[in-house]
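Chemist: Sharing a model that was predicted from the sequence below.
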Amino acid sequence: MMKLKLLTIVLLLISYSSYSQKLEIVSAFKNDDIIKVRLKLTNDKQERIAFYKPDLDNICDEVIGFDLETDDGIRDYFPCTYINHLGSIAISCANVIFLDYDETFEFSLELQLFEYLKSSKRIRCYIDYDYDIYFSDIKVKTNIFKGFLSSDFVTIQLN
């Protein structure tokens, strides 16, 4: 029984250490109409990794999302009228970044500020790549990030 517990712990540590990436919100500013969020991905794994670059359209795919802390509690940012249930994500030259060890990639997104989110004080981002991911038009031998990342909540500054 002890050997089984030890094996389980070792397997969990191996699977946890296979990907070591971080997602951070560098800044978040809002005005009356938008929240501008600057995000940073960091690869802390000592090997090169391919990472799918999310954009605003991926909110409807539930690939990237935001939680906002308002006066009424935590609210999910979801500007879509539908959920596009993806079976897979095709990585191409246009939507991939390659991060070497300790390398970062920063990108910005502008979120439309709906009335029920005007009192937002803090924001958190998450990325969920729990899909079949494959290279569609490029041939490389690089690990592809697959999994879930979440930032901490950060305070939204007034612009």
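Modeler: Nice, I can see it.
Chemist: Output the below-cut-off pLDDT ranges for this structure.
Modeler: Where the chain drops to pLDDT under 70, the residues are 1-19, 134, 138, 140.
Chemist: Give me the most central residue, it.
Modeler: Closest residue to the average C-alpha location of the chain: residue 127 at 2.5 Å, with Cα atoms, centre = their mean.
Chemist: mind listing what's buried in the helix or strand hosting that one?
Modeler: Per DSSP states H and E, residue 127 falls inside strand 122-129. Within strand 122-129, the residues that qualify as buried by neighbour count (16 or more other Cβ atoms under 10 Å) are 122-125, 127-129. Any C-beta I mention is one placed from the backbone N, CA and C, and that applies to glycine too.
Chemist: do stretch 40-49 as well
Modeler: Those would be 41-43, 45, 49, for stretch 40-49 by 16+ other Cβ under 10 Å.
Chemist: Helices along the chain, start to end?
Modeler: With helices called from DSSP state H, the chain shows them at 2-17.
Chemist: what about the strands in it?
Modeler: Taking DSSP state E, the strands of the chain run over residues 21-30, 34-43, 49-52, 64-70, 73-77, 88-91, 96-99, 104-112, 122-129, 132-135, 143-144, 147-150, 154-155, 157-158.
Chemist: related to what we said a few turns ago, show me what the residue nearest to the centre of the chain bridges to in the sheet.
Modeler: residue 64, residue 149 (DSSP bridges).
Chemist: how close does it sit to residue 145?
Modeler: Noted for residue 127: a distance of 9 Å to residue 145, by Cβ to Cβ, to the nearest Å.
Chemist: do the same with residue 139
Modeler: Separation of residue 139 from residue 145 (Cβ to Cβ) stands at 18 Å.
Chemist: Ok, residue 102 next?
Modeler: Residue 102 sits 15 Å away from residue 145, going by Cβ to Cβ.
Chemist: what do you get for residue 73?
Modeler: 31 Å.
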